[in-house]
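Peer 1: Got a sequence here, can you model it:
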Amino acid sequence: MKVVIVGGVAGGASAAARLRRLDERAEIVMFERTGYVSYANCGLPYYIGGVIEDRADLTLQTPQSFRARFNVDVRVRCEVTGIDRAAKAVEVTDLATGKTYREGYDKLILSPGARPVVPPLPGVRDEAVYTLRTVEDTLRIRAAATREGARSAVVIGGGFIGVETAENLKEAGLNVALIQRESHILTPMDGDMASFLHNHIRAKGVQLLLDAEVEGFARAGASVRVLLKGREGLTADMVVLAVGVAPDSSLAAAAGLETGVRGSIAVNERMQTSDPDIYAVGDAVSITERVTGNKAVIALAGPANKQGRIAADNIAGVRRAYGGSPASSVLKVFDMTAAFVGVNESAARAAGLRYDKVILSPASHATYYPGGKVMTVKVLFEKETERILGAQIVGLDGVDKRLDVIATAMQAGMKVTDLAELDLAYAPPYASAKDPVNMVGFVAQNVLEGRVRQFFYEDLERLPRDGSVTLLDTRTPAEYACGHADGFEKHIPVDSLRARLGEIERGKPVYVMCQSGLRSYVACRLLAQEGFTCYNFAGGYRLYESIRRATFDADCSTDCGAPRR
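Peer 2: Okay, the predicted model is just below:
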């Protein structure tokens with residue numbers, strides 16, 4: 001059997017290695033149009049910033065090492081330009097020599113990946129405007145960033161690549177501006193959660209422009225001018241365009257293979273295309289998004305590697321199905337970590353899901369052990385079934401492992417309330433006896449069982465200010481002195497509330513806020529048992545402050561210098 005693989009990196013290289021482990025006699029030929037067959041795509045921005053110092057560390061396998069270990073015939077700088085399905089052959093151009101030839105196959109795996117989106121803007125082809133997708137792109141950007149006299153850069157696009165590139169250009173010593181067309185970066189997250197990242201990015205000295213639309217580029221001497229709609233433009237020595245990627249499916253489409261959403265290559269659960277002898281994997285294919293069941297393009301390395309393995313299994317006779325992905329993701333944003341899985345609120349609404357949510361601010365480990373930092377956790381769940389729909393976490397420490405636990409729970413079909421029962425490892429340097437994941441379950445139990453009523457940031461503007469409700473802040477005097485939410489003029493610390501119940505007018509609903517949401521919950525339980533109708537502010541004042549005041553707490557504390565509660 002002869003298997004031809006088009007494209008290396010994650011999906012194609014994984015397929016080749018797996019296929020060899022299953023079939024020692026198969027002839028495997030892999031074509032890669034760049035000069036690198038297997039490289040750390042996700043590590044490219046970190047080479048720009050000098051975190052990864054040796055460019056050789058970006059390369060996971062070379063053609064020679066692939067041949068030595070897996071007996072795979074790897075041909076780099078060779079582009080497959082056509083597929084003759086009837087003859088079962090591909091047309092190949094050797095980019096080094098210009099020579100073209102045909103290569104036959106019994107089975108074909110397409111792993112062409114995705115291409116950077118380059119909008120048709122004036123001046124977009126300027127030599128100082130770069131895209132980042134390959135090792136070659138990375139080398140060009142690093143050379144531009146480190147050349148003598150380079151002082152400034154503009155990054156356009158607030159997705160994974162844009163945020164990581166902005167961080168690393170800043171680490172390389174440049175003045176950096178990050179432009180995002182939407183109202184917040186990292187659009188798989190909700191705006192309230194992204195606000196923490198906005199404030200941190202700005203605190204690190206990056207100029208962040210939101211709701212900013214680029215209209216084009218113009219030469220300004222040795223620099224390039226970024227033209228913005230309705231606002232003053234920016235001038236920089238270099239620009240990195242990171243406005244997204246699109247499935248590179250032109251080869252498949254030209255061959256008459258069925259395509260799916262966003263022009264992606266349509267595949268079944270075995271990663272077969274509409275031609276049973278052709279498989280496709282990675283960023284170019286559409287797969288099932290596990291929460292909604294809809295088809296989606298999920299350009300992540302984890303799914304691509306798994307898909308490559310599954311395609312190889314099926315070619316080798318091991319029947320295996322790919323169940324889709326909830327798009328589990330994690331991202332370093334300077335000192336912070338952002339992680340998310342499943343759907344956010346806008347996606348849940350678009351899918352017609354009836355959901356509720358919890359927002360809490362637990363510590364990364366026991367608060368009495370030095371070094372603990374507060375994270376913010378937001379989890380969406382279906383009201384009727386308690387199915388976990390998505391999670392978003394931001395913080396300085398312990399974010400990734402909590403996201404992984406929730407992602408695992410989602411794949412296992414656990415309910416949000418089941419999180420309360422998870423027996424997770426605990427020691428003071430690593431966690432609390434009631435882990436943040438357990439706390440999500442506890443809060444969800446209280447919400448679903450009617451033990452607590454919640455209100456959210458988006459509800460604040462609708463709260464009456466005519467005296468018909470009581471807006472109560474239960475933090476310490478020191479915390480309250482640092483600032484309070486608009487309208488929350490009634491201040492009674494939670495530890496004094498029982499003795500001062502007479503100060504709260506009966507018959508009026510009470511809306512309660514504290515720093516993180518815990519003390520306000522304690523207050524609501526007390527008030528409810530005293531006959532009050534009480535609502536707890538999810539996320540606490542620190543969430544309010546991040547969104548409304550646009551401030552960043554470098555220590556991720558909850559207490560404005562006062563003892564933690």
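Peer 1: So which residue is smack in the middle of the chain?
Peer 2: By C-alpha atoms, centre = their mean, the mean C-alpha position of the chain lies nearest to Ser329, the distance being 4.5 Å.
Peer 1: Next, work out how far apart the residue nearest to that residue when sequence neighbours are not counted and Gly413 are.
Peer 2: Closest residue to Ser329 apart from its sequence neighbours, by C-beta to C-beta, 6 or more residues apart in numbering: Phe340 at 5.6 Å. The C-beta positions use only the backbone N, C-alpha and C, and glycine is treated the same way. Going from Phe340 to Gly413 by C-beta to C-beta, to the nearest Å gives 20 Å.
Peer 1: ok, these two, which is more surrounded?
Peer 2: Phe340 (26 against 9; other C-beta atoms under 10 Å).
Peer 1: got a list of what that one touches?
Peer 2: When contacts are counted by C-beta atoms under 8 Å, 6 or more residues apart in numbering, Phe340 touches Leu186, Pro188, Met189, Ala327, Ser328, Ser329, Gly390, Ala391, Gln392, Ile393, Leu403.
Peer 1: Show me the residues you listed that map onto helices.
Peer 2: Leu403 (DSSP state H).
Peer 1: What about the contacts of Phe340, which one has the most neighbours?
Peer 2: Counting by other C-beta under 10 Å, top hit in the contacts of Phe340: Ala391 with 31 neighbours.
Peer 1: That one bridge partners, please.
Peer 2: Beta bridges link Ala391 to Val341, Val379 when assigned by DSSP bridges.
Peer 1: Would you agree it is in contact with Val379?
Peer 2: Yes - in this structure Ala391 lies within contact range of Val379 using C-beta atoms under 8 Å: 4.7 Å.
Peer 1: Now the common contact residues for the two.
Peer 2: Common neighbours of Ala391 and Val379 (C-beta under 8 Å, 6+ apart) are Ile406, Val440.
Peer 1: longest helix of the protein?
Peer 2: Ranked by residue count under DSSP H, the longest helix found in the chain is helix 301-315.
Peer 1: which helices and strands sit right next to it?
Peer 2: Helix 301-315 sits against helix 11-22, strand 107-110, strand 278-280, strand 285-288, with contacts defined as 3 or more C-beta pairs under 8 Å, 6 or more residues apart in numbering; DSSP states H and E.
Peer 1: What segments of the stretch 101-250 of the chain are strands?
Peer 2: Ranges of strands within the stretch 101-250 of the chain are 107-110, 114-116, 129-131, 152-156, 175-179, 207-209, 214-220, 223-228, 234-236, 238-241, 245-247, based on DSSP state E, counting those that start in this stretch.
Peer 1: Now mean neighbour count and mean pLDDT too, for the ones you listed, in CSV please.
Peer 2: Compiled in CSV, the strands of the stretch 101-250 of the chain are given as follows (neighbours: other C-beta atoms under 10 Å; pLDDT from 0 to 100):
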stretch, mean neighbour count, mean pLDDT
strand 107-110, 28, 98
strand 114-116, 18, 94
strand 129-131, 20, 97
strand 152-156, 26, 98
strand 175-179, 23, 98
strand 207-209, 18, 98
strand 214-220, 17, 97
strand 223-228, 19, 97
strand 234-236, 20, 97
strand 238-241, 26, 98
strand 245-247, 21, 96
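Peer 1: re earlier: and the residue nearest to the centre of the chain, what pLDDT?
Peer 2: Ser329 is assigned 97 on the pLDDT scale.
Peer 1: residues in contact with it?
Peer 2: With C-beta under 8 Å, 6+ apart, Ser329 has these contacts: Phe160, Pro188, Leu300, Ala339, Phe340, Val341.
Peer 1: quick one: least confident of the residues you listed?
Peer 2: Lowest confidence among those: Leu300, with 93.
Peer 1: returning to that earlier point: measure the residue nearest to the centre of the chain to Arg349 for me?
Peer 2: 20 Å.
Peer 1: In space, what's closest to Val330 - neighbours in sequence excluded?
Peer 2: With C-beta to C-beta, 6+ apart, the residue lying closest to Val330 is Ala339, at 4.2 Å.
Peer 1: can you count the residues close to the residue lying closest to Glu386 once chain neighbours are set aside?
Peer 2: In this structure, Glu386 finds its nearest non-sequential neighbour in Lys415, 3.8 Å apart by C-beta to C-beta, 6+ apart. Lys415: 17 surrounding residues under other C-beta under 10 Å.
Peer 1: Next: Gly317.
Peer 2: Gly317: 8 neighbours (other C-beta under 10 Å).
Peer 1: helix, strand or coil for it?
Peer 2: Following DSSP: H, G, I helix; E, B strand; the rest coil, Gly317 is assigned to coil.
Peer 1: Per-residue pLDDT of it, please?
Peer 2: Confidence for Gly317, expressed as pLDDT, is 97.
Peer 1: host element of Gly467?
Peer 2: Here Gly467, judged by DSSP states H and E, is contained in no helix and no strand.
Peer 1: all strands for the stretch 351-500 of the chain, in order.
Peer 2: Remark: strands assigned in the stretch 351-500 of the chain by DSSP E, counting those that start in this stretch are 355-360, 376-382, 388-395, 453-455, 470-473, 490-491.
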